[in-house]
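Asks: build the 3D model from these lines:
(chains A, B and C)
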Amino acid sequence: MSNPARADAAGPTKAASSAPLLDVTGLSVLLQVNGASRAVLRDVSFTVARGEAVGLVGESGAGKTMTARAIGRLLPRGAQVRGTIRFDGSEVGALSGADLRRYRSRVAMIFQDPRVHINPVRRVGDFLTEALRTNLGVPPAQARRRAVDVLAQVGIEDGLRRLRQYPHQMSGGMLQRVMIAAALLTGPRLLLADEPTTALDTTTQAEVMTILDGLRREFGLAMLFITHDLDLAAAICDRTVVMYAGQVVEVRASALLHTDPLHPYTAALAAARPDITRTVHRLPAIPGRPLSAFETPPDECAFASRCTCTRDVCRTAVPGLAELDGGLSRCIRAHELRGQLQAAPDA
Amino acid sequence: MPDTSSVPVLEAAGLRKQFDDLVAVDDVSFRLRPGRSLAIVGESGAGKTTIARMVVGLERPSSGTITACGHDRSRPPRSARDRRRRGREVQIVFQDPYTSLDPRQSAEAAIDEVLRLHHGWPAGRRRARVDELTGLVGLDTRQSRALPRSLSGGQRQRVAIARALAAQPAVLILDEAVAALDVSIQAQVLNLLADIRDQTRVSYILISHDLAVVRQIADETLVLHLGTVVERGPTARVLDDPQHPCTQRLRASVPGPGWKPRRQGSQ
Amino acid sequence: MSAVPLASEASPPGRALALLRATGPAGIASAIVLAVAAFAAVIGPLLAPYDPNLPNLALAWVGPVGGHLLGYDFEGRDVLSRLLAGAQTAMLGPLAVVMISVPGGTLIAVTAAWCRGASDAVISSGLNVLFAFPGILLALLAAAVFGAGLPAAVLALSAAYTPYVARVLRGAVLKERSQPYVAALEVQGAPATLICLRHLVPNIAPLIAAQATILFGYAMVDLAAISFLGLGVQPPTANWGVMISENQVGLLEGYPLPALTAGACIVVVVIAVNVLGERLFDQAQDARR
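Replies: Sure, this is the predicted structure:
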């Protein structure tokens, strides 16, 4: 039973283990808000192969963080989940107890704001070694040694001193590197990075991304990289999944995202960004504002109200995710619009 | 008002700010002419926001002078009248749309309050001006009357801009004013700022870490590093041909076509 | 994150009702109890079936009989009538304490939080010193200086509670003051009084309301204790605390009703006030999103 959403990058198929490491199929999530059920994800499907970096891009309400939370089994209570998430063949939703703990050591999350996710009154060393000691039963001294090693790998020398420090004694960039180190300590196969550099300086972002990218390649880790920055995703990830209003609207090889997008939203998003190499009189802005899944009617294209290419056919039904030139697009007019959506000017 | 473009509308000379033993800003000088826009860029901790706060009066310079519209504002205002006059010279829009509006005030009420503060106009005239301003920033009637919690981030920033413009300032400081916005909304607000500049001849000081936004909005750029100016010049030149290693590092850190994360070398 | 429900610009009474509804069934029940007590405080003496101050020793300690639902007290006065009459002083005293200490504490808190720096340090130290004096102690002092009676007790308790209110509110005002919208108003050139009165205080109003409600409960207990000790309301004026004191002998002699019912009134009102106050506090915290 192959996942129709699995798309290969433009190039040779991956040999060896062709089964994807992460396989999300038809994921729909409803949250309970003030007694009412609200859809936040609709039929989300994509795969991450072993050792592959996949970007997840979108604006507010797109459902990027919700997707990561669903994968990480961190959804709020009362959330209704439909569809399947398979990690290394096992159904994630069915895990519990020891299996679930083992799963958590194999799928590591890195969050946006490190200060929110680290206990400020405990030392960094305690934080780093906690998962090792509790989930994997590693003796404290050995755990500390491994912590020092992994700190060196993220570019933090004098690890022993750093282990004894408190979070407030470290800068944002350094703390984020500590988070990455913590994520790597348990020997994960998949990294879920949720906007890990958004709160950082541009130069710090570049440093942290360099470390993350380097380590990922070195250990052959797969990564799902969530960001609102299309350029950043394109730089780090082999493939990019573009989300809008709780749905996947495009899956494309990152290299082709700017030059040959398959969905009007992707093209519009890329075009709306100012260009660092030139000034334009006015930016081509998308009218309206980004919507959440529950704000869009369930029987038409979610982007129809803001799209410049809308026709009657777009409002008759929700378009399905269809294959096109090695990528996927949820635009019902994708074939027609091929080649006309190009946003980026020629280099 | 005659456009004497050679007379700077804002001038800072030898600005310095010291907090205990930390020197946040050291010997910073710049000039801003009417209708022009200046960007101040640099890493966090470089002193950009401290400069903005000094210019707008929220922080007092340890030494140096700031002159706006010909009036010195290096020392605290001496009277309520002084304070209000300064409010009509330089205004600011902050980064976080979720805390820069009074949660109990609608846009109309907030703008009206500013008008009442600065002018002794009758209600009718104020009403007209409120409508003019909300129209200028693209807010419809519902949005102007709604409380901030019913508005999205982009809409709140529009309110903040309208409120700042109500005082008809000569200089508007945008302290990372679009950083917290979605890309598509950011584009709308950037276009709005360009429209406003065309219509009112206001001068912008843009504090931003996002160099693409800087390119789009600012004529000139100042690069700060650890409180001092390391490079300055026309934005296009500074970004296309950076001279100082700090500027080069900044420029090289921006993701774009063909960019790959590389270690940039130590400071 | 981008849901934008329309918020109605309700009038203040509408907003208050909505706030009340949000406190849940317990909060609403407490509000009803308090409304009844307030009603009794206002027209209690008129509702009393019998004269609350007319003694008749022949009827002392007689249990419930005929129209006297709660019997007679130690001086032969109708207990129910005395409870209704006593509601007045029992409720007015705490109300007065709250109306002095809450505005006073708010003023101090706002001043300290607005000025920050040295002024704040001085004010905070002063508050800490005042904390050393518990209300009852100050009441004893006031009784010694001004003579026993409700006004002295009220003033003493107000002096004791004001630093408490100031301390609690100062933190909230500081937090509010550091918000960018306050800076925006300063940059506009708005005077400090306008910012404090029109923006800072209204934004912490739910918290102030919650504090005031809880303080009412504390004041009621303290005043009842002071009256019990003979330093507050003087007999024969009806007052729940005084009634406990007057009739305490009956507790041991098999005539518990007068003292117990008076005590029960105090307990019920204080519980209601605490429950409502806590709910309001929770609402205030939730609203600070």
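
Asks: alpha carbons only for contacts and neighbour counts from here, please
Replies: Fine.

Asks: how near is A:G63 to chain C?
Replies: Counting by Cα to the nearest Cα, to the nearest Å, the separation of A:G63 from chain C is 10 Å.

Asks: what pLDDT does the model give that residue?
Replies: On the pLDDT scale, A:G63 is placed at 93.

Asks: skip the chain neighbours and tell me the closest residue to it.
Replies: Of all residues not flanking A:G63 in the chain, A:G246 sits nearest, at 4.7 Å (Cα to Cα, 6 or more residues apart in numbering or on different chains).

Asks: and that neighbour, what is it in contact with?
Replies: A:A39, A:V40, A:L41, A:R42, A:V44, A:G61, A:A62, A:G63, A:K64, A:S292, A:A293 (Cα atoms under 8 Å, 6 or more residues apart in numbering or on different chains).

Asks: restricted to strands, list those residues.
Replies: Of these, the ones assigned to strands by DSSP state E are A:A39, A:V40, A:L41, A:R42, A:V44.

Asks: would you turn those residues into CSV with neighbour count and pLDDT?
Replies: Listed next are the ones in strands among the contacts of A:G246 as CSV, based on neighbours: other Cα atoms under 10 Å in any protein chain shown; pLDDT from 0 to 100:
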residue, neighbour count, pLDDT
A:A39, 21, 93
A:V40, 23, 94
A:L41, 30, 95
A:R42, 21, 94
A:V44, 22, 95
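
Asks: now distance to C:L107 too, for these, in a markdown table please.
Replies: Converted to a markdown table, those look like this (distance: Cα to Cα, whole Å):
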| residue | distance to C:L107 |
| --- | --- |
| A:A39 | 47 |
| A:V40 | 46 |
| A:L41 | 49 |
| A:R42 | 53 |
| A:V44 | 55 |
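
Asks: quick check, nearest of those to chain C?
Replies: Checking the ones in strands among the contacts of A:G246 against chain C by Cα to the nearest Cα gives A:V40 as the nearest, at 10.2 Å.

Asks: from A:M243, how far out is the closest one?
Replies: 12 Å (Cα to Cα, to the nearest Å).

Asks: need the overlap of contacts for the two.
Replies: A:G63.

Asks: give me phi/psi at the residue nearest the centre of chain C?
Replies: Nearest to the mean C-alpha position of chain C, counting by Cα atoms, centre = their mean, stands C:F216 at 1.2 Å. Backbone torsions of C:F216, given as degrees, to the nearest 10, read phi -60, psi -40.

Asks: so it sits against C:A272, correct?
Replies: No. In this structure C:F216 lies outside contact range of C:A272 using Cα atoms under 8 Å: 10.5 Å.

Asks: can you list the residue ranges for helices in chain B?
Replies: B:48-56, B:80-87, B:107-118, B:123-136, B:141-145, B:153-166, B:183-200, B:211-217, B:235-240, B:245-252 (DSSP state H).

Asks: right, I mislabeled it, should have said the stretch 151-300 of chain A
Replies: A:159-163, A:172-185, A:202-219, A:230-236, A:254-257, A:264-272 (DSSP state H, counting those that start in this stretch).

Asks: distance to chain B, mean neighbour count and mean pLDDT added to these, as JSON lines?
Replies: Converted to JSON lines, the helices of the stretch 151-300 of chain A look like this (distance: least, Cα to the nearest Cα, whole Å; neighbours: other Cα atoms under 10 Å in any protein chain shown; pLDDT from 0 to 100):
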{"stretch": "helix A:159-163", "distance to chain B": "19", "mean neighbour count": "17", "mean pLDDT": "90"}
{"stretch": "helix A:172-185", "distance to chain B": "10", "mean neighbour count": "24", "mean pLDDT": "89"}
{"stretch": "helix A:202-219", "distance to chain B": "5", "mean neighbour count": "20", "mean pLDDT": "89"}
{"stretch": "helix A:230-236", "distance to chain B": "5", "mean neighbour count": "23", "mean pLDDT": "90"}
{"stretch": "helix A:254-257", "distance to chain B": "9", "mean neighbour count": "22", "mean pLDDT": "89"}
{"stretch": "helix A:264-272", "distance to chain B": "6", "mean neighbour count": "23", "mean pLDDT": "94"}
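
Asks: indicate which one of those is closest to B:G42.
Replies: helix A:202-219 (9.2 Å; Cα to Cα).

Asks: send me that closest one as CSV with only the CA atoms.
Replies: This file holds the C-alpha atoms of helix A:202-219, laid out as CSV (Å, rounded to 0.1, in the frame of the first residue of the first chain):
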residue,chain,number,x,y,z
THR,A,202,20.6,36.4,11.1
THR,A,203,24.2,35.6,11.8
THR,A,204,23.4,33.3,14.7
GLN,A,205,20.8,31.7,12.5
ALA,A,206,23.4,31.0,9.9
GLU,A,207,25.7,29.5,12.5
VAL,A,208,23.0,27.3,14.1
MET,A,209,21.9,26.1,10.7
THR,A,210,25.4,25.3,9.7
ILE,A,211,25.8,23.1,12.8
LEU,A,212,22.4,21.5,12.4
ASP,A,213,22.9,20.8,8.7
GLY,A,214,26.4,19.4,9.3
LEU,A,215,25.4,17.1,12.1
ARG,A,216,22.4,15.9,10.2
ARG,A,217,24.5,14.9,7.3
GLU,A,218,27.2,13.4,9.5
PHE,A,219,24.8,11.2,11.4
